[in-house]
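**Q** Let me see the structure of the following:
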Amino acid sequence: MTATAHMQPAVTTAPPNVADHVREYLSRVRGGDIGALPAVLGLIVLCAVFATLRPAFLSTVNFANLFAQGAAVAIIAMGLVFVLLIGEIDLSAGFASGVCASVLAILLSTYGLPWYVAVLAAIGTGVAIGLVLGFLVAKVGIPSFVVTLAAFLAFQGVVLLLLEEGKNIAVRDDVVLAVANRNLPPPLGWALAVLGVGGYALAQLVRLRTRQRRGLVTDPLLVVVARIAMVAAVVAAAVYLLNLERSRNTLITSLKGVPVVVPLIVVLLLVWSFVLSRTAYGRHIYAVGGNVEAARRAGINTDRIRISAFVICSGMAAVGGIVAASRASSVDPNTGGSNVLLYAVGAAVIGGTSLFGGKGRALDAVLGGAVVAVIINGMGLMGYSSGVKYVVTGAVLLLAAGVDALSRRRAAATGNR
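**A** Numbering: from 1, shown residues only. This is a model prediction of the structure:
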């Protein structure tokens, strides 16, 4: 080796800057990788329109109502994300939540069992449902559309049988009722907000330092700090508004604080986001959804992954059913029926999860659930009928599916698939 070769300087990678980061992001968007951008923009536009046409939309009472209205749908949609990621569909998730809610109500009211036993039994019922559905799809080979359509019809009958052909069962357990009807004390709300934002900031900075240490591509520090600041601002604004007094007569009762269901959704979101983005199981989910045959040849037990996706979906449907039962303080044959499934699937797709598999996040369910809740709530304030709400929600879902299809086509054309 010559002396000249010894004197050549080492190749170093320039630290990332904001301009390069923005150009790279815009390039990804033009290449079809739009993520949740349409859902975020749609949410901003919808809120601006409804706030302009109906100022009551911005009231603290209505702001808190949005969380109650969208909670069950967002939770069920989080489970549906897993099934959609592997390229399947679950049409029975709505009535599965109704079956689990019925089990909860019967054990609480008829048998007088403690709330934790009833909750575990309801979630266990959801897991059992997911195991059966997943087995029929993965092992027997029946298309998921057929299996879950059959389950959709069967579970309606199961709910009727459990509720003795139409009986309404009241839910009176204080702990269960608190899930969707109670609020956290304001100081506790602020403490959880600080803890959550602090944890998010720590995770972002640790990830940045780890990638830098390994010589991997990283986001600019300014972008990371801006992201943390934005999350902190949104969380602080939400907690501040929710901690304002919402009662019209404070002499009778005080109504303020973050709804209990909000930290529940946040915990579920964090858990499933970690599973999908930081575990081998999450990588296997994406691999199966991207190309099941390639995943099988890579040594992934694809049948186990597919079954587990249905188990998670039905388990989350059970949690959604518990929240719905808590909000209504009762369970009846309509629990989990009507438009619950349509809204849940719509929430996942509107949020950015692909119907073709391999693309999506747990956050998509929350964003899409927020869009659905804003549409229903805002149009209700404007006095539109249920028919108009369905038409608009369906149009938004169709638009989201169209955007997904076009973005995938664009990604394939630019080689970013």
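**Q** contacts and neighbour counts: CA atoms only from here.
**A** Noted.
**Q** all helices for the stretch 201-350 of the chain, in order.
**A** Assignment of helices within the stretch 201-350 of the chain using DSSP state H, counting those that start in this stretch yields the ranges 221-242, 261-278, 280-290, 292-297, 302-328, 340-351.
**Q** which parts of the longest one are buried?
**A** This means helix 302-328. Of the residues in helix 302-328, those scored as buried under the neighbour-count criterion (16 or more other CA atoms under 10 Å) are 302-303, 305-327.
**Q** Pipe the helices of the stretch 201-350 of the chain into JSON lines and attach mean pLDDT and distance to Val49 per row.
**A** As requested, those are exported to JSON lines (pLDDT from 0 to 100; distance: least, CA to CA, whole Å):
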{"stretch": "helix 221-242", "mean pLDDT": "92", "distance to Val49": "19"}
{"stretch": "helix 261-278", "mean pLDDT": "94", "distance to Val49": "25"}
{"stretch": "helix 280-290", "mean pLDDT": "94", "distance to Val49": "36"}
{"stretch": "helix 292-297", "mean pLDDT": "92", "distance to Val49": "43"}
{"stretch": "helix 302-328", "mean pLDDT": "96", "distance to Val49": "28"}
{"stretch": "helix 340-351", "mean pLDDT": "89", "distance to Val49": "18"}
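**Q** ok, for the spatially most central residue of the chain, nearest residue in space, not its chain neighbours?
**A** When CA atoms, centre = their mean is applied to the chain, the residue found nearest the centroid is Ala365 (2.8 Å). Spatially, and ignoring its direct neighbours in sequence, Ala365 is nearest to Ala348 (4.5 Å; CA to CA, 6 or more residues apart in numbering).
**Q** One more: Gly360?
**A** Nearest residue to Gly360, sequence neighbours excluded (CA to CA, 6+ apart): Thr353, at 4.0 Å.
**Q** Tell me if I'm right that that neighbour and Leu363 touch.
**A** No: the pair Thr353 and Leu363 does not pass the contact test of CA atoms under 8 Å, sitting 9.4 Å apart.
**Q** The two - which one has more neighbours?
**A** Taking other CA atoms under 10 Å, Thr353 and Leu363 do not tie; Thr353 has more neighbours (31 against 23).
**Q** residues in contact with that one?
**A** Taking CA atoms under 8 Å, 6 or more residues apart in numbering as the contact definition, Thr353 lies against Val81, Leu84, Leu85, Lys359, Gly360, Arg361, Asp364, Ala365.
**Q** quick one: secondary structure of it?
**A** Applying DSSP: H, G, I helix; E, B strand; the rest coil to Thr353 yields a three-state assignment of coil.
**Q** Dihedrals phi and psi, it?
**A** Geometry field for Thr353 lists phi and psi as phi -80, psi 130, criterion degrees, to the nearest 10.
**Q** what's the distance between it and Gly87?
**A** Relative to Gly87, Thr353 is positioned 11 Å away (criterion: CA to CA, to the nearest Å).
**Q** you'd agree Glu88 is in a strand?
**A** No: according to three-state DSSP, Glu88 belongs to no strand; its state is coil.
**Q** can you count the residues close to it?
**A** A total of 21 residues lie near Glu88 under the criterion other CA under 10 Å.
**Q** Need the residues touching each of Thr353 and Leu363.
**A** Any residue near both Thr353 and Leu363 by CA under 8 Å, 6+ apart counts here, and not one turns up.
**Q** shaky segments in the chain?
**A** Within the chain, the stretches with pLDDT under 70 are 1-16, 32, 251, 338, 411-417.
**Q** quick one on the thing from earlier: identify whichever of the helices of the stretch 201-350 of the chain lies nearest to Thr148.
**A** Closest approach to Thr148 among these is made by helix 302-328 (10.3 Å; CA to CA).
**Q** So what angle separates the directions of the closest one and helix 340-351?
**A** Between the direction of helix 302-328 and that of helix 340-351, the angle (axes from the mean of the first three to the mean of the last three CA atoms, to 10 degrees) works out to 110 degrees.
**Q** tell me what helix 302-328 is packed against?
**A** Counting by 3 or more CA pairs under 8 Å, 6 or more residues apart in numbering; DSSP states H and E, the packing neighbours recorded for helix 302-328 are helix 60-85, helix 93-105, helix 115-135, helix 174-181, helix 280-290, helix 292-297.
**Q** Please dump those helices into a markdown table; it should also carry distance to Val403 and mean neighbour count for every row.
**A** Rendered in a markdown table, the data for the helices and strands packed on helix 302-328 read as follows (distance: least, CA to CA, whole Å; neighbours: other CA atoms under 10 Å):
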| stretch | distance to Val403 | mean neighbour count |
| --- | --- | --- |
| helix 60-85 | 16 | 26 |
| helix 93-105 | 25 | 32 |
| helix 115-135 | 29 | 21 |
| helix 174-181 | 33 | 19 |
| helix 280-290 | 19 | 20 |
| helix 292-297 | 24 | 15 |
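**Q** Just want to check the distance between the residue nearest to Ala365 and Leu276.
**A** Distance from Ala348 to Leu276, counting by CA to CA: 15 Å.
**Q** Neighbour count: those two, which is higher?
**A** The neighbour count for Ala348 versus Leu276, taken as other CA under 10 Å, is higher for Ala348 (34 against 19).
**Q** check contacts around that one.
**A** Ala77, Met78, Leu80, Val81, Asp364, Ala365, Val366, Gly368, Gly369.
**Q** out of these, which one sits closest to Leu399?
**A** Set against Leu399, the nearest of the contacts of Ala348 by CA to CA is Gly368 (12.8 Å).
**Q** any idea which helix or strand carries the closest one?
**A** Secondary structure here is read from DSSP states H and E; on that basis Gly368 sits in helix 362-381.
**Q** which secondary structure elements does that helix contact?
**A** helix 37-53, helix 60-85, helix 261-278, helix 340-351, helix 386-414.
**Q** distance between the second one and the chain's centre?
**A** Read that as helix 60-85. Relative to the centre of its chain, helix 60-85 is centred 6 Å away, using CA atoms, centre = their mean, to the nearest Å.
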